[in-house]
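J.: here's a sequence, model it:
(one chain, ligands or ions: 1)
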Amino acid sequence: MSLLCRAVLSLRYIRVPMARNASTAFLIEDPKYSFLKDLGLKENNVGVFNGKWKANGEVIKSYSPANGKVIAEVQAGSAADYEACASAAQEAWHAWAELPAPARGEVVRQIGDALRENLQPLGKLVSLEMGKILPEAIGEVIEYIHVCDLALGLSRTLPGTVFPSERPGHVLIEKWNPLGVVGIITAFNFPVAVFGWNSAIAMVCGDATVWKPSETTPLVAVAVTKIVESVLQKNNIPGAIASLCVGGKGIGEKLVKDERMKLVSFTGSTAVGQQVGVEVQKRFGRHLLELGGNNAIIVNEDANLELFLSAALFACAGTAGQRCTTTRRLLIHKKLYSEVVNRLKKAYAGVVSRIGDPLLEETLIGPLHTPAAVDAYKKTVAEAVKLGGKIEFGGKIIEREGYFVEPTIITGLPHDSPIVKTECFAPIVYCIEIPDLETGIQYNNEVEQGLSSSLFTENLGDVFKVFIYMKIFIKLGHVLHRNMRMKF
Ligand SMILES: NC(=O)c1ccc[n+]([C@@H]2O[C@H](COP(=O)([O-])OP(=O)(O)OC[C@H]3O[C@@H](n4cnc5c(N)ncnc54)[C@H](O)[C@@H]3O)[C@@H](O)[C@H]2O)c1
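T.: Below you'll find the model as predicted:
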């Protein structure tokens, strides 16, 4: 029977002893970043919350990708800390699940309001720690706020069906009950929104959560959890229902194998997601996987190029290519190919001067997130050239502090070159000529990852052709979050 309540549901960290060098200057002490203290952050933060803040693991330094400097430190969770989070969440879950769904919804509404109050500082922290420009970072917090509103509505509409029974005098009533504890593992590039989707919906469904954020965005995780904690405290609800365990792969692996995690929601790379899926399946747990993308735009012969160029600039180079939906392949009709490549190069040239500090208003493109990401960019560009690709624009690391690279356009590679079919999480786009729309659809569909696809055309008939034949991976995962189980 189908689930009726399908609500939504490279790293650069250095291990150092807790006692840090007294001469280290952390960005948090710079008055320019006073918003960090508004969020309750300190120089040394505790990265584990299970109703109480206490951590015994390694100390992670959180870097600003815009300048490579340390913002502050976070003490991660040890294996024992993870265990404490999982058991505290499990225990606290019962009381939470007992609350009527609309009462849970009201708590989530209050979380939305608390986020509204912290919109600016939290947005600035996302920008500082992850590296995306401020409007995008603010947008990410707004997404969480709106999901809280959605969750509030859902809390009054959690469905269940009454079925006719073939047995006289009997009635079949379907009711969806909470699952228990949900494990949430998140990627660095959406450090707020992905947690927000998972957490808000899990909460109204009556589930507790244990969150393992990316180890390169631990400050965002601590700040968000403090906001959630403040609301839970005000409502006398055990904080452990929203537990946090900052850590790396080791903590992630523990969570994935943990039978108490009835659902594991994983957002991250395809390679890691594949392992996570297998591990959760081994124990017949549920999983929800939001993985990598290799997204194409088809530019058909009748495309409106003005519209395309402004869209492509953001789609290919925005967020420095660090969105799962970043466009990595342009499939361009042969009649427009040269014109599109030339105009795109001009458009890229127009934004180069606006690459910089993501917190500044004039900036359009920020840095890559880590030195490892810069390395991956460099290797991919070199490999593309080795395979016969031509760099039409960019291709170089920008010599300045921080982890900046040039947005890059590459031509001359075959549509099925392995490098074209691989997601490199950086602003590199491959231009590929197509003879007709049908070939464009075929090329679009030939990568494993999919995720998002676009067509630029003025022809309504072609739009519907694409609707029918294109493998479009709309992000349905978010609304298919399986947070409940069925009980009669
Ligand atoms: N589809 C989506 O909605 C979506 C959204 C954002 C990012 N992404 C994808 O995420 C990737 C970028 O993020 P990333 O670099 O943080 O991804 P990643 O796979 O390196 O890490 C994601 C998370 O998994 C954890 N992890 C690593 N190894 C693990 C293991 N063996 N078991 C359990 N957890 C483990 C990490 O610590 C991190 O918290 C890109 O591929 C991007 O396309 C997808």
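
J.: and the residue of the stretch 51-200 of the chain closest to the ligand?
T.: A187 (3.2 Å; Cβ to the nearest ligand atom). To be clear about C-beta, it is placed using only N, CA and C from the backbone, and glycine gets the same treatment.

J.: report pLDDT for that residue.
T.: The score at A187 is 98. That number is its pLDDT.

J.: that one contacts A193, doesn't it?
T.: No. In this structure A187 lies outside contact range of A193 using Cβ atoms under 8 Å: 10.5 Å.

J.: let's verify the nearest residue to R104 once chain neighbours are set aside: helix, strand, or coil?
T.: Leaving aside its chain neighbours, R104 sits nearest to V204 (5.2 Å; criterion: Cβ to Cβ, 6 or more residues apart in numbering). Three-state assignment for V204 (DSSP: H, G, I helix; E, B strand; the rest coil): helix.

J.: and V204, what does it touch?
T.: Under the criterion of Cβ atoms under 8 Å, 6 or more residues apart in numbering, the neighbours of V204 are 7, 101, 104-105, 108, 151-152, 154-155, 158.

J.: tell me the domain boundaries of this protein?
T.: 27-290, 295-469 (automatic domain parsing).

J.: please work out which of these is packed deepest.
T.: Stretch with highest mean neighbour count among those: domain 27-290 (a mean of 21; mean count of other Cβ atoms under 10 Å).

J.: chain center to that one, what's the gap?
T.: Offset of domain 27-290 from its chain centre (Cα atoms, centre = their mean, to the nearest Å): 12 Å.

J.: got the end-to-end distance for it?
T.: Start-to-end span of domain 27-290 (Cα to Cα, to the nearest Å) is 33 Å.

J.: which stretches of this protein have low pLDDT?
T.: Within the chain, the stretches with pLDDT under 70 are 1-24, 471-488.

J.: what are the ranges of the helices in it?
T.: Assigned by DSSP state H, the helices in the chain fall at 35-38, 79-98, 101-117, 119-130, 134-155, 193-205, 218-234, 249-257, 270-282, 305-312, 337-351, 371-386, 437-445, 460-469.

J.: flag every residue of this structure that's near the ligand.
T.: Residues of the chain found near the ligand (Cβ under 6 Å from any ligand atom) are 185-190, 194, 212, 214-215, 248-249, 252-253, 256, 267-269, 272, 275-276, 290-293, 324, 423, 425, 475.

J.: kindly recompute the last result at 5 Å.
T.: Counting by Cβ under 5 Å from any ligand atom, the positions of the chain adjacent to the ligand are 185, 187-188, 190, 214, 249, 252-253, 267-269, 272, 290, 292, 324.

J.: which ones are touching F35?
T.: If a contact means Cβ under 8 Å, 6+ apart, then F35 has 120-121, 124-125 as its contacts.

J.: pipe the residues you listed into CSV and attach distance to N67 per row.
T.: CSV is the format used below for the contacts of F35 (distance: Cβ to Cβ, whole Å):
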residue, distance to N67
Q120, 21
P121, 19
K124, 15
L125, 15
